[in-house]
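**Student:** Sequence and predicted structure are below.
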Amino acid sequence: MAKQKAAPRYLNLFRIKLPVGGVTSIGHRISGVLMFLLIPLAVWLFALSLESAEGFRQVNDYLDSPPLLALSLLLVWSLSHHLLAGIRHLFFDIDIGMEKETARASAWVVNIGALLITLLYLVRLL
Amino acid sequence: MLLKGIAMKFSIYRYDPDQDAKPYMQDYELPEKRVEPGMMLLDALLLLKEQDQSLSFRRSCQEGVCGSDGMNINGRNGLACMTALADLKQPVAVRPLPGLPVIRDLVVDLSQFYNQYRTAKPWLINDEPCPEVERLQTPEQREQLDGLYECILCACCSTSCPSFWWNPDKYLGPAALLQSWRFLADSRDLATEERLNDLEDPFRLFRCHTIMNCVEVCPKGLNPARAIGHIKELMVKRSL
Amino acid sequence: MSRAAQGLRAWLLQRFTAIYLGVYLVLVLAYVGYRAPLGYEQWRSLLAQPMMSISTALFTLAMLLHAWVGVRDVLMDYVHAVWLRLMLMAASALMLLASLLWVLRSLALVAALDNA
């Protein structure tokens, strides 16, 4: 009698196709987690900026520095995607836009919209 | 793509628990003379089985009503008998429904799926004395069941749902929840309170994050995400 | 803890805080964007105003609760070992509470020193 081994489950996420709404959804989660992890940094910068004129100047310098530029772009994308995807969710909650075709369209709008906002932020910075 | 005069290539997930340490993909080819217009994937699989008798998959009605031949086709869940070969890029990758234990080749163990279905109590609960004739409904009341009763329990939706992948024992999944709504929406069912009480915990219904993969793959065009939304709405209404 | 209605409560809380967060963010970003660039004095006096101070405090509370439900959802989905999930939830709660208190402290200091 062959040794009992656990049956395999097919779960290769690289091969299973993710529809556009699924991309919106995982982006919503990733952006949420990212912002959660950035809360301590954001709170520290907030407190520093209010403490003194020197603190305010320091925060501005930090935000202009290259490593924080990348971080601020990530934050802008996270905020935009999470907000737009969140609004899509709230419409779903009142039963608006839940048909397959409409949901796909709104997913595209969210995905592209967030990237666009991030791009605009980058362009205005430079 | 169905190209006339060209053999069609397939890559199919194989696993025999008695022989294989782990699953692998096996290439097959359907000779050009066997490829005909209007062929469905199931037709092709049956022909490939003539080439290789060991290839295993479930099938029955061949017309999209029994729900037996759900599988992952080129990355997307669907019924083999309703998926036209002409719509498929080659090599056609055929894999079992994701997330469930593989018994053999394309045959998965649907026990967890059926367990969750049972948990939703998919039967009419009405303890009032039976009337002389049927329990009557107006046409409007009957309409409430449209888009819900047609489910063939093929499991394409639940096995496309990430939340079901991560918690198939605690989250009911789109199919079971759709059936739950089917009875909540039925004017003849009187167990609304109990049904909603059963679903209010953090796992059974609320693992649904409206990802909507279920809607994308349902071969009958049903909308489990929307049904789940209706259940949430009913829960909120009765809590106010 | 009773499981009854836990799922519904968390879901409602997430939705209500979401609405407040969204409205606040859009209004404040629009205002700050319009008045940019802000100097230190303007920034301070903005946050010293009672309306702004209170709504920002509420924003931070809403963000704490919203993030809490979100993180809890993520942990419930992926972390099946109960003890590990509990520890991560506790650590998250601590971080969120500390952040709220830090923000409240900053706002209180600004308000106090402004009235001095």
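**Tutor:** Done, it's in.

**Student:** just checking, what's the longest helix in the chain?
**Tutor:** Using chain A here. helix A:20-51 (DSSP state H).

**Student:** could you do chain B instead?
**Tutor:** Ranked by residue count and defined by DSSP H, the top helix of chain B is helix B:224-239.

**Student:** now for the longest helix of chain A, which elements pack on it?
**Tutor:** Packing partners of helix A:20-51 (3 or more Cβ pairs under 8 Å, 6 or more residues apart in numbering or on different chains; DSSP states H and E): helix A:53-64, helix A:66-93, helix A:100-125, helix B:213-217, helix C:40-48, helix C:50-78, helix C:82-115. The way it works is simple: take the backbone N, C-alpha and C, and place the C-beta from them, glycine included.

**Student:** Buried residues, the longest helix of chain B. List them.
**Tutor:** Residues B:224-232, B:234-235 are the ones in helix B:224-239 that count as buried (16 or more other Cβ atoms under 10 Å in any protein chain shown).

**Student:** roughly how far out does it sit from the chain middle?
**Tutor:** Here helix B:224-239 shows a centroid-to-chain-centroid distance of 21 Å under the convention Cα atoms, centre = their mean, to the nearest Å.

**Student:** before we move on, what about stretch B:139-151?
**Tutor:** With Cα atoms, centre = their mean, you get 19 Å for stretch B:139-151.

**Student:** and it, which residues are buried?
**Tutor:** B:144-145, B:147-148, B:151.

**Student:** out of these, which are inside helices?
**Tutor:** Among those, no residue falls in helices (DSSP H).

**Student:** Need those in TSV (columns: distance to chain A).
**Tutor:** Formatted as TSV, the buried residues of stretch B:139-151 follow (distance: Cβ to the nearest Cβ, whole Å):
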residue	distance to chain A
B:144	14
B:145	18
B:147	11
B:148	14
B:151	16
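
**Student:** related to what we said a few turns ago, redo the helices and strands packed on helix A:20-51 as TSV? Include mean neighbour count and mean pLDDT.
**Tutor:** Formatted as TSV, the helices and strands packed on helix A:20-51 follow (neighbours: other Cβ atoms under 10 Å in any protein chain shown; pLDDT from 0 to 100):
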stretch	mean neighbour count	mean pLDDT
helix A:53-64	14	90
helix A:66-93	18	94
helix A:100-125	16	94
helix B:213-217	25	98
helix C:40-48	16	91
helix C:50-78	18	97
helix C:82-115	14	94
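
**Student:** Setting aside sequence neighbours, what's the nearest residue to residue A:93?
**Tutor:** Closest residue to residue A:93 apart from its sequence neighbours, by Cβ to Cβ, 6 or more residues apart in numbering or on different chains: residue C:15 at 6.4 Å.

**Student:** element containing the one you found, please.
**Tutor:** helix C:6-35 (DSSP states H and E).

**Student:** quick revisit: let me know the angle separating the longest helix of chain B from helix C:6-35.
**Tutor:** Relative orientation of helix B:224-239 and helix C:6-35, computed by axes from the mean of the first three to the mean of the last three Cα atoms, to 10 degrees: 100 degrees.

**Student:** returning to that earlier point: run through the buried residues of helix B:224-239 and flag the ones next to chain A.
**Tutor:** B:225-226, B:229-230, B:232 (Cβ under 8 Å from any Cβ of the partner chain).

**Student:** In terms of helix, strand or coil, where does the residue nearest the centre of chain B fall?
**Tutor:** Chain B has residue B:155 as the residue nearest its centroid, 2.2 Å off, counting by Cα atoms, centre = their mean. Here residue B:155 is recorded as coil under DSSP: H, G, I helix; E, B strand; the rest coil.

**Student:** Next, the contact list for it, please.
**Tutor:** B:67, B:70, B:97, B:100, B:110, B:113, B:175 (Cβ atoms under 8 Å, 6 or more residues apart in numbering or on different chains).

**Student:** one more time with 7 Å, if that's ok
**Tutor:** Residues in contact with residue B:155 (Cβ atoms under 7 Å, 6 or more residues apart in numbering or on different chains) are B:70, B:97, B:110, B:113, B:175.
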